[in-house]
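> Need coordinates for the below:
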Amino acid sequence: MTNHKKSPFRNFFRKNFRRLEGFIFYLKSFLTPRQFIYLACFLVGVSAAIAVIVLKTFAHWVYIFAQYIDSIFHLPYSNSTLPIIGIVLTAIVVKKVLDGSIEKGTSQIMYAVAKKSGIMPKKQMYAQIITSSLTVGMGGSAGLESPITITGAAFGSNFAQNYRLSYKDRTLLLACGVAAGIAAAFNAPIAGVLFAIEVVLMDVSITAFIPIMISSATGAIVSTILLKDEILFSFSKQLSFDYHNLPFYVLLGVFAGFVSINYARTFRKIEHYFEKLKVNPIRKALFGAILLAILIFFFPTLFGEGYESIKILANSNPQQILDNTVLQHFKENSWILLLFVGATMLIKVYATSITIGSGGNGGNFAPSLFVGSYLGFVVSTFFNQIGFKLPVSNFTLVGMAGILSGLFHAPLTAIFLIAEITSGYSLMVPLMVVSSISFAISKRYEPYSFDIKNLAAKGDVFTEDRDRNILSGITPSNLIRMDIQTLKLSNSLEELVQKISNYNQSVFPIVNDTNELIGIVNFEEIRPYLFNSYKVKFTPLQDIMRPPKEQINYDETMDTIMEKFDRSQEEFLPVLKNNQVIGLLSKASILEAYRIRLKNMIIE
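A predicted model of the protein is given here:
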């Protein structure tokens, strides 16, 4: 009976969706490829913006509900309870609905671009929305921006797949979805464009900016129209820069760099701890959620994204942050307030890593802004307490750019994001100073950005090395020549000559009875023997065989393979799997694959 009631709605939805899909295919038939891309990036921008609206609205109303409950009980009992419910529900959904796994973090976007030709699973169009709304919406101490960007990227990728677009266009629309997600979340279209280019794409032409800008602007416009002002993370206060405070901004940049390093390393340690826990996912989620609940009980601003507390610190009454805490009776004590904010700043990484590591879903974009604002507040308030007069609001906002830049290695995104959400560019100089210093320090000790370090270490994602980026997308196993002729020591040189005549092969591996490599014979090296009939008849293979200068394992990365080619100066190297010869790999085939991929990677 229930299925009968649901079927008319499903049929109506499917019927109209197919009509829309058919209409878009019709438009594609007479639009030029470039015109269709413009249409596609607009539709992807709208889709990403709608996802933002759903997530942000849900999270906001849960926060309002929690604050209302707290005002009744005067202690954060509800703040401690809701995240437990949210994280456990997330774990249940992942286990029962999403086949027991869900990929977290923006690193999977870069992995899709580098290794999967821009293809992302369809389930990412809804899985991130469902799980992150449960986790963060119910108070988990993480951010919604990472799930938002993944959802936007999935919309772009699957749109391109559905309408049979090329690898270039698929990657471009994936980036458009990312840009639209960031733009819609913060009403910051410039930051959306820069994030897509700075973090997701490495090689992009000027013409690719137009589709990305269209998507980013579309996301920002839709978000502005449909989202209420109190939900958007923005500041209307007029801010100004005093060059006399420049030394303190430099100091803030230094602090931001080292805090970013500490955040990244601490997060990975706790995440690895939860990965090693061999317990039922529901029990793991409950264990982590209880730990988080204890932290939120003592530090209520760890609840959810934490944007409301950032607005409080940036305004003229920061003592409000102690409301409904165990320290609310010390609101007028500036040193207590300073210690509380400083402690919360340091503990935030534990709350976020527990939230995500135990089974919740969210990202570190919002936590980086949270930690940065708290750091800026601590630095400026401390110096004000000892006699200086620093603008606390300025430092609170600029600090966000410092941590965002240091953690994600995205200084341009950090600078323009904060400039846009503050409705002006008066703080451009301190934003540039703090972001660049933080980035330089973080880059010195953490060569890869926080979100992709593990993948970059394995050569699976883009880095600043252009050649490595291109090579990382080439699958060595696709280039191995398997149909090769091998020889044994019992074979004669005459048999080798016959194989050279009959097969297009210049390097012959010499193997034993179990197909293990003994040595190789290179046609170019044995020419003098081949044109001497006496030597051909009486020279054993052992006399002309030599050990291979290098050999390749089947599962090696392209980085190490190219290093072996460079060291050996060989044109062909034998490939082994389980110590047995399975084929040959030529340097020429790799360079040809490199040329083709280089051509395909430049987004136009």
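> now the helices: where do they sit in the stretch 501-604 of the chain?
For the stretch 501-604 of the chain, the helices defined by DSSP state H, counting those that start in this stretch cover 527-530, 533-538, 541-544, 558-568, 587-601.
> Need those helices in JSON lines (columns: mean pLDDT).
Output for the helices of the stretch 501-604 of the chain, formatted as JSON lines (pLDDT from 0 to 100):
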{"stretch": "helix 527-530", "mean pLDDT": "76"}
{"stretch": "helix 533-538", "mean pLDDT": "76"}
{"stretch": "helix 541-544", "mean pLDDT": "82"}
{"stretch": "helix 558-568", "mean pLDDT": "87"}
{"stretch": "helix 587-601", "mean pLDDT": "79"}
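> what's the longest helix in the protein?
As assigned by DSSP state H, the longest helix anywhere in the chain is helix 33-73.
> That helix packs against which elements?
Applying 3 or more C-beta pairs under 8 Å, 6 or more residues apart in numbering; DSSP states H and E, one finds that helix 33-73 contacts helix 2-30, helix 77-96, helix 127-135, helix 145-162, helix 167-186, helix 209-226. No exception for glycine: its C-beta is placed from N, CA and C like everyone else's.
> got a list of what F186 touches?
192, 232-234, 417, 420-421 (C-beta atoms under 8 Å, 6 or more residues apart in numbering).
> no, scratch that, I was asking about R546
The contact partners of R546, taken as C-beta under 8 Å, 6+ apart, are 519-522, 525.
> how much space between it and A153?
Using C-beta to C-beta, to the nearest Å, one gets 50 Å for the distance from R546 to A153.
> Same question for I386.
Distance of I386 to A153, given as C-beta to C-beta: 47 Å.
> count of neighbours near G181?
The burial count assigned to G181 is 37, neighbours taken as other C-beta atoms under 10 Å.
> Let me see the contact set for it.
48, 51-52, 145, 148-149, 151-153, 192, 219 are the contacts of G181 under C-beta under 8 Å, 6+ apart.
> Find the one among the helices and strands packed on helix 33-73 with the highest mean neighbour count.
Using mean count of other C-beta atoms under 10 Å, the stretch among the helices and strands packed on helix 33-73 with the largest mean neighbour count is helix 167-186, at a mean of 30.
> My guess is V429 contacts F241. True?
Yes. Using C-beta atoms under 8 Å, V429 is in contact with F241, at 5.5 Å.
> Counting neighbours, go ahead and name the busier of these two.
The neighbour comparison of V429 against F241 (other C-beta under 10 Å) goes to F241, with 18 against 14.
> How about the contacts made by L251?
Contact partners of L251, counting by C-beta under 8 Å, 6+ apart, are V379.
> Then Q108?
Contacts of Q108 were listed using C-beta under 8 Å, 6+ apart, and they are 120, 150.
> pLDDT averaged over the strand or helix carrying it - what is it?
Under the criterion of DSSP states H and E, Q108 resides in helix 107-115. In this model, helix 107-115 carries a mean pLDDT of 77.
> That one to helix 167-186, inter-axis angle?
160 degrees (axes from the mean of the first three to the mean of the last three C-alpha atoms, to 10 degrees).
> For the stretch 451-600 of the chain, give me the ranges with low pLDDT.
Where the stretch 451-600 of the chain drops to pLDDT under 70, the residues are 456-469, 599-600.
> actually the stretch 301-450 of the chain, not the one I typed
Scanning the stretch 301-450 of the chain for pLDDT under 70 picks out 423-424.
> For it, which segments count as strands?
For the stretch 301-450 of the chain, applying DSSP state E, counting those that start in this stretch gives no strands.
> can you give me the helices in it?
Counting by DSSP H, counting those that start in this stretch, the stretch 301-450 of the chain has helices at residues 307-314, 334-357, 365-385, 392-408, 411-421, 428-445.
> Including distance to V88, could those helices go into a markdown table?
Listed next are those as a markdown table, based on distance: least, C-beta to C-beta, whole Å:
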| stretch | distance to V88 |
| --- | --- |
| helix 307-314 | 24 |
| helix 334-357 | 12 |
| helix 365-385 | 21 |
| helix 392-408 | 28 |
| helix 411-421 | 33 |
| helix 428-445 | 34 |
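> nearest to M213, of these?
Within the helices of the stretch 301-450 of the chain, the stretch nearest M213 is helix 411-421; the backing value is 13.2 Å (C-beta to C-beta).
> And for that closest one, what's in contact with it?
Helix 411-421 is contacted from outside by 182, 186-191, 194-195, 198-199, 233-235, 397-398, 400-402, 404-405, 408, 425, 427-428, 431-432, 435-436, 438-439, using C-beta under 8 Å, 6+ apart.
> If any of those are buried, give me the ChimeraX selection for them.
Isolation of the buried members of those (16 or more other C-beta atoms under 10 Å) is achieved in ChimeraX through the command below:
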select :182,186,187,188,189,190,191,194,195,198,199,233,234,235,397,398,400,401,402,404,405,408,427,431,432,435,436,438,439
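> Next one: F439 from H409, what distance?
With C-beta to C-beta as the criterion, F439 and H409 are 6 Å apart.
> what's the overlap in contacts for these two?
By C-beta under 8 Å, 6+ apart, F439 and H409 have no common neighbours.
> on that earlier part again, among the contacts of F186, which one lies nearest to T131?
Among the contacts of F186, F233 lies closest to T131 (C-beta to C-beta), at 21.5 Å.
> just to revisit the earlier point, out of the helices of the stretch 501-604 of the chain, which gets nearest to E271?
E271 lies closest to helix 558-568 among the helices of the stretch 501-604 of the chain, at 25.1 Å (C-beta to C-beta).
> For that closest one, enumerate the helices and strands it packs against.
The contact analysis (3+ C-beta pairs under 8 Å, 6+ apart) places helix 558-568 against helix 466-472, strand 572-577, helix 587-601.
> so how far is G304 from I64?
Separation of I64 from G304 (C-beta to C-beta): 11 Å.
> again with V521
The spacing between V521 and G304, counted by C-beta to C-beta, is 68 Å.
> Please apply the same query to C41.
Remark: distance between C41 and G304 (C-beta to C-beta) = 31 Å.
> Equivalent analysis for A160, please.
Going from A160 to G304 by C-beta to C-beta gives 34 Å.
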